[in-house]
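*Asks:* how would this look folded up:
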Amino acid sequence: MDPITNPYSPGAGTPPYELAGRDELRNSLNITITRIMRGKPAKSMLLVGLRGVGKTVLLEQMSRDAEIGGSHIIFIEAPENRSLPALISPQLRLALLKLSRLEKSKDAAIRALKALAGFAKSLKITYSDIEVGFDHDPEAGLADNGDLEADLTALMIEVGKTAKDAGTALVLFIDELQYVKQEQFAALITALHRCAQLKLPVTLVGAGLPQLRGLAGNSKSYAERLFNYPEVGALDDSSATEAIVEPAKAEKVDYEEDAVIEIINRTKGYPYFIQEWGSHTWDVAKQSPITKNDVLAATELTIAAMDESFFRVRFDRLTPNEKQYIHAMATLGAGPHRSGDIADLMKKKSSDVAPVRNSLIKKGMVWAPNHGDTAFTVPLFNEFILRIMR
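*Replies:* This next block holds a predicted model:
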């Protein structure tokens, strides 16, 4: 098998040949955008799921779908230590400059750019990481009070009016949304809510870890009515088969049925793991069809590759105390586990290890599916921990 024609893409956010099992979500966003462009109500969308389920890949594809459909898009990845105003301001400027070139939305875009200038200048003291060019002088009293919630709402209203005049929609795509600080997320929710009330064509498609639901609810009580929370999870057997077989078929290579079943069993249907197993199996196989023995021969290489990349990069961020905590979790199994059981295994009180648990939640390593429960955000992470911390 020629490694140059290997059709699998086991990279962070790298689009696969076949984005299997996600058509319903893509169609749902298309309906949302069409509705808001017609002045009809539609909820924004927050995609939630564990690491490795393809949230970033799906978000990228949805942004391309929206752009092809005539929407103006903003795509942001939220790192842990950047403010939302700093992330959103340059992207809004680019979108508004594009809209200012259209005669029917030129005046509204210029007013929105003035609002953006006021917004950035008034909040520069609070959010020193804001860096954005100014194309027009700010207008006094327009998004310049120095209060994030009020100013972001005023700014997004002007952006929404611009999009409406242009006959388009503005769609914000924000990845890793769980890293946005709660008060900043609350301000964004308020702004989106006001745009929805005014029937302005602005919507958000966010993606993040499962704790994103709780973050939204804690930020604003009405968030549950403003968002849909579709869960992006492992693929069912049919979609997983498609993700395995179709890329190879495009290169005129087939799989034996047992080989496909073995990959699904090994990966448990998680898209990133499918790409890893498919890629290493391709390189190991000598000819078509790919057999179960090829998959088994590639397994050790696949696990080693994932250990040194997908898993290790997360493990190396942890402190010694955090590593002890997740080792106790892994010893108990895949989870979720009661926090008290983890503490008992460490021979400590729950209150003593609570700060460690909170730190792991902030780092996105674990989450709380229910009160008092703790679970890994990374599939199969318990198996990696037991391999590396024997």
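*Asks:* quick one, strands of the stretch 51-200 of the chain?
*Replies:* Per DSSP state E, counting those that start in this stretch, the stretch 51-200 of the chain carries strands over the ranges 72-77, 170-175.
*Asks:* switch the ones you listed over to a markdown table; also include mean pLDDT.
*Replies:* Conversion of the strands of the stretch 51-200 of the chain to a markdown table gives the following (pLDDT from 0 to 100):
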| stretch | mean pLDDT |
| --- | --- |
| strand 72-77 | 95 |
| strand 170-175 | 97 |
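*Asks:* those strands: which one's closest to residue 104?
*Replies:* Within these, the stretch nearest residue 104 is strand 72-77; the backing value is 13.8 Å (CB to CB). All C-beta spots, glycine's among them, are computed from the backbone N, C-alpha and C.
*Asks:* residues contacting the helix or strand containing residue 298, please?
*Replies:* Counting by DSSP states H and E, the element that carries residue 298 is helix 292-306. Residues outside helix 292-306 that contact it (CB atoms under 8 Å, 6 or more residues apart in numbering): 10, 256, 258-259, 261-263, 266, 273, 276-277, 280-281, 283-286, 384, 387.
*Asks:* now do stretch 345-363
*Replies:* 211, 317-319, 321-322, 324-326, 328, 331-332, 339-340, 342-343, 366-368, 374.
*Asks:* could you do stretch 380-387 as well?
*Replies:* 268, 270, 273, 303, 306-307, 311, 314-315, 326-327, 329-331, 333-335, 376.
*Asks:* could you do stretch 241-249 as well?
*Replies:* Residues from elsewhere that reach stretch 241-249 (CB under 8 Å, 6+ apart): 7-8, 16-18, 20-21, 235, 254-255, 260, 263-264, 271, 274-275, 278, 282, 288, 290.
*Asks:* so of those, which ones are in helices?
*Replies:* In helices, defined here by DSSP state H, the members of the contacts of stretch 241-249 are 260, 263-264, 271, 274-275, 278, 282.
*Asks:* tabulate those residues (TSV), appending pLDDT, neighbour count and distance to residue 296.
*Replies:* Output for the ones in helices among the contacts of stretch 241-249, formatted as TSV (pLDDT from 0 to 100; neighbours: other CB atoms under 10 Å; distance: CB to CB, whole Å):
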residue	pLDDT	neighbour count	distance to residue 296
260	97	19	13
263	97	28	10
264	97	20	14
271	93	27	21
274	95	30	16
275	94	25	18
278	96	29	14
282	97	22	14
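*Asks:* out of the residues you listed, flag the one nearest to residue 119.
*Replies:* Taking CB to CB as the measure, residue 119 lies nearest residue 271 of the ones in helices among the contacts of stretch 241-249, at 37.9 Å.
*Asks:* leaving out the residues flanking it, which one is nearest to the closest one?
*Replies:* Spatial nearest neighbour of residue 271, chain neighbours left out: residue 54 (4.0 Å); criterion: CB to CB, 6 or more residues apart in numbering.
*Asks:* my guess is the one you found contacts residue 20. True?
*Replies:* No - judged on CB atoms under 8 Å, residue 54 makes no contact with residue 20 at a distance of 9.4 Å.
*Asks:* more neighbours, these two?
*Replies:* For residue 54 versus residue 20, the count of surrounding residues by other CB atoms under 10 Å is larger for residue 54: 29 against 22.
*Asks:* which strands and helices sit next to the lowest-mean-pLDDT helix or strand in the chain?
*Replies:* When the helices and strands of the chain are scored by mean pLDDT, DSSP states H and E, helix 223-226 comes last with a mean of 86. Applying 3 or more CB pairs under 8 Å, 6 or more residues apart in numbering; DSSP states H and E, one finds that helix 223-226 makes contact with helix 182-197, helix 212-219.
*Asks:* mean pLDDT added to those, as TSV?
*Replies:* Listed next are those as TSV, based on pLDDT from 0 to 100:
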stretch	mean pLDDT
helix 182-197	95
helix 212-219	89
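*Asks:* can you put the ones you listed in a markdown table and add mean neighbour count?
*Replies:* Listed next are the helices and strands packed on helix 223-226 as a markdown table, based on neighbours: other CB atoms under 10 Å:
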| stretch | mean neighbour count |
| --- | --- |
| helix 182-197 | 20 |
| helix 212-219 | 19 |
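*Asks:* dump the ones you listed to CSV, plus distance to residue 161.
*Replies:* Below are these laid out as CSV (distance: least, CB to CB, whole Å):
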stretch, distance to residue 161
helix 182-197, 9
helix 212-219, 25
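*Asks:* for those, which one sits closest to residue 138?
*Replies:* Comparing the helices and strands packed on helix 223-226 under CB to CB, the one sitting nearest is helix 182-197, at 18.2 Å.
*Asks:* how close does the closest residue in space to residue 389 that isn't next to it in sequence sit to residue 103?
*Replies:* Excluding the flanking residues, the one nearest residue 389 by CB to CB, 6+ apart is residue 327, at 5.0 Å. In this view, residue 327 and residue 103 are 63 Å apart by CB to CB, to the nearest Å.
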